[in-house]
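Undergrad: Next come a sequence and a model predicted from it.
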Amino acid sequence: MFEHLEKYAGDPIFRLGDEFHQDPRERKVNLTVGLYYDDAGRIPLLRSVQQAEARLGGELRPRPYLPIEGLPAYRSAVQELVFGAGSEAVRAGRVATIQSVGGTGALKVGADFLHAAYPDSHIWISDPGWDNHHAIFQGAGIATHTYAYYDSQGQSLRFERMLEDLRALPRHSFVLLHPCCHNPTGADLSREQWQALIPVLAAGELIPFMDMAYQGFGRGLDEDAGPVRAMADAGLTFLAANSFSKNLSFYAERCGGLSVVCGSADEAERVQGQLKAIVRRIYSNPPMHGGQVTALVMSDPELRALWEDEVAEMRARIAAVRRQAREQLEARLPGYDAGYLTEQQGMFSYTGLSAAQLHALRAEHGVYIIDSGRISVPGLNTRNIDYFTEAMAAVLRG
Ligand code: LMR
C-alpha cells in the first residue's frame with residue numbers, strides 16, 4: 001500500500017549527529033546539532049530547573065488536560081520574556097500568545113495560521129537559512145523563496161541586497177527573520193540595520209515571522225529580544241516564535257511560545273481563537289510538566305535570578321570558546337582571518353569550508369560539521385579545541 005513512498009533521506013542536521021555517535025573512533029568532535037554542552041561536554045541540567053522540579057516534585061498531582069493555548073502563567077512568562085516587562089502591546093492586550101511544542105511547534109502553528117489567513121502568500125527565508133524552515137512552511141502549503149542575507153566567501157552580511165529583495169515583494173508576503181544568533185551564520189543585523197529594515201517591512205505591508213530560538217546566547221536576554229521589541233514599538237503586525245530548548249537546556253521538554261502582535265485587542269482575541277483552533281486540530285493541547293517548570297523558573301524571583309546567571313554563564317563560555325578558536329586558528333595558519341568567529345555570535349559559526357574540506361574533516365579527523373559548514377560552537381571545550389583547530393588548519397592548508 002505504501003511501497004510507492006520515497007525513502008526518507010534523514011534530517012540533514014540530526015542525521016549527521018547520529019553518524020557521529022556511530023563513529024567508533026575515540027578521537028572525534030561533534031559540532032552538528034545546536035545543543036549547548038558545558039566544558040565537560042555535558043548537556044547541563046540547570047540548577048534553576050532542578051530547584052523548580054524539586055519544588056513541584058514534592059506534590060504528586062493528577063494530569064488533566066491543559067487549556068488548548070497552554071498554562072496562563074507560562075503564556076504571561078513568554079510575553080514578558082519576549083516583549084519586555086513594560087511592553088505597551090502586551091498591556092494593551094494586542095498580543096495573542098500560546099504555549100507551543102518547542103520553537104518548531106510554534107513555527108508549524110504559525111505557518112498554518114498564516115496560510116489560512118493569506119492562502120496566496122509565499123514566504124521568504126534568508127539565504128543561507130535553516131533547512132527546516134523551508135520544510136515547515138512547505139509542509140503547511142506555503143511556497144518558500146529566499147532573500148539575500150550572507151556572503152560566505154566574504155564572510156559578511158549582504159544587507160543592501162536584502163533590503164532590495166524585500167522591497168520587491170508582493171504585499172502580504174511573509175518574511176522569516178532571526179532577531180538574534182542567526183542560524184546558520186551567527187551573523188546578526190545591527191540595531192541600526194533593524195531600524196532601517198522595519199520601515200521597509202511596514203511600507204511593503206509584509207508580515208514578519210521572527211524566530212527566536214537562542215534568546216540569551218547572543219548579547220543578553222533583553223538585548224537579543226531588542227529587534228522583536230523594536231518591531232512591536234513600531235506598530236507592525238507580526239509573529240514571534242520563542243524557545244526554551246536552548247536557554248533553559250530543556251530540549252526534550254518541547255517548551256516554546258508563539259505570539260502574534262496585532263493592531264488591537266479585538267484583533268488579538270480573534271487571532272488567539274484561530275491559534276487555538278489550529279492547535280486543537282494538530283495536538284489538542286500542550287504537555288504539562290515542562291510548562292509548569294518553565295513557568296515557575298520564569299516567575300519566581302529567586303529561580304529567575306539564578307536562571308539569568310546560568311544563561312549568562314552559557315553565553316560567556318560560548319564567547320570564550322570563539323575567542324580561543326580564533327586565536328588558535330590564526331596562530332596555526334598565518335594570514336588566515338578567523339575574525340568571523342568572534343564577529344558572529346550565539347550557538348553557530350559559519351566557517352565557509354567547502355564540501356571537500358568538510359568531508360576531509362569528517363573522514364580523516366572525525367570532526368563532524370553539517371554540510372552548510374556551520375559549526376555548533378559549544379561542541380568545543382578545553383579537551384578538544386586544540387585537536388579541532390589543528391584538524392581545521394590541516395584541511396585549510398590543503
Ligand atoms: C539546529 O539547527 O541544530 C537546532 O535548531 C536543532 C534543530 O532542530 O535543528
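TA: Good, I have the coordinates. Residues are numbered from 1 along each chain as shown.
Undergrad: Run through the residues of the stretch 101-250 of the chain sitting next to the ligand.
TA: 130, 132, 183, 213 (CB under 6 Å from any ligand atom). From N, CA and C alone the C-beta is placed, and that goes for glycine too.
Undergrad: burial measure for the closest residue to the ligand within the chain, as a count.
TA: Closest approach between the chain and the ligand, counting by CB to the nearest ligand atom: Gly34, at 3.2 Å. The local packing of Gly34 (other CB atoms under 10 Å) involves 24 other residues.
Undergrad: Tell me which residues touch His122, please.
TA: Taking CB atoms under 8 Å, 6 or more residues apart in numbering as the criterion, His122 is in contact with 142-145, 173-174.
Undergrad: Mean confidence (pLDDT) on stretch 262-278, please.
TA: Across stretch 262-278, the average pLDDT comes to 98.
Undergrad: now do stretch 183-202
TA: For stretch 183-202, the mean confidence score works out to 98.
Undergrad: So for it, what gets flagged as buried?
TA: Residues of stretch 183-202 classed as buried by neighbour count (16 or more other CB atoms under 10 Å): 183-189, 194, 197-198, 200-201.
Undergrad: What's the end-to-end length of that stretch?
TA: Taking CA to CA, to the nearest Å, the first and last residues of stretch 183-202 lie 24 Å apart.
Undergrad: what's the distance between that stretch and the middle of its chain?
TA: 16 Å (CA atoms, centre = their mean, to the nearest Å).
Undergrad: now the strands for the stretch 151-300 of the chain?
TA: Taking DSSP state E, counting those that start in this stretch to define them, one finds strands in the stretch 151-300 of the chain at 156-157, 174-177, 207-212, 238-243, 255-261.
Undergrad: Can you give the contact residues for the fourth one?
TA: By that I understand strand 238-243. 78, 81-82, 100, 102-103, 106-107, 110, 113-114, 179, 207-215, 228, 231-232, 255-261.
Undergrad: low-confidence ranges in the stretch 51-200 of the chain?
TA: 59 (pLDDT under 70).
Undergrad: And the helices in it, which stretches?
TA: Taking DSSP state H, counting those that start in this stretch, the helices of the stretch 51-200 of the chain run over residues 72-83, 88-91, 102-117, 131-139, 159-167, 191-203.
Undergrad: Now tabulate those in a markdown table and tack on distance to Tyr336.
TA: Putting these into a markdown table (distance: least, CB to CB, whole Å) gives the following:
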| stretch | distance to Tyr336 |
| --- | --- |
| helix 72-83 | 39 |
| helix 88-91 | 46 |
| helix 102-117 | 34 |
| helix 131-139 | 28 |
| helix 159-167 | 25 |
| helix 191-203 | 27 |
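Undergrad: do you know which of these lies nearest Asp23?
TA: helix 131-139 (22.4 Å; CB to CB).
Undergrad: Please parse this protein into its domains.
TA: 14-44+304-397, 72-299 (automatic domain parsing).
Undergrad: looking at these, which is buried most?
TA: domain 72-299 (a mean of 20; mean count of other CB atoms under 10 Å).
Undergrad: got the end-to-end distance for that domain?
TA: Domain 72-299: ends 12 Å apart by CA to CA.
Undergrad: Is stretch 252-261 in proximity to the ligand?
TA: No. Stretch 252-261 stays clear of the ligand (CB under 6 Å from any ligand atom), getting no nearer than 10.9 Å.
Undergrad: got the CA positions of that stretch in CSV?
TA: Output of stretch 252-261 as CSV, limited to C-alpha atoms (Å, rounded to 0.1, in the frame of the first residue of the first chain):
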residue,chain,number,x,y,z
ALA,A,252,13.2,17.2,25.1
GLU,A,253,10.5,19.0,27.1
ARG,A,254,9.5,20.9,23.9
CYS,A,255,8.7,24.2,25.5
GLY,A,256,8.2,27.2,23.3
GLY,A,257,5.8,30.0,22.6
LEU,A,258,4.1,31.6,19.6
SER,A,259,3.0,35.2,19.9
VAL,A,260,1.1,37.3,17.3
VAL,A,261,1.3,41.1,17.7
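Undergrad: chain center to it, what's the gap?
TA: For stretch 252-261, the distance to the chain centre is 11 Å (CA atoms, centre = their mean).
Undergrad: what sits against Arg63?
TA: Met288.
Undergrad: quick one: it and Gln99, what's the gap?
TA: Per CB to CB, to the nearest Å, Arg63 is found 15 Å from Gln99.
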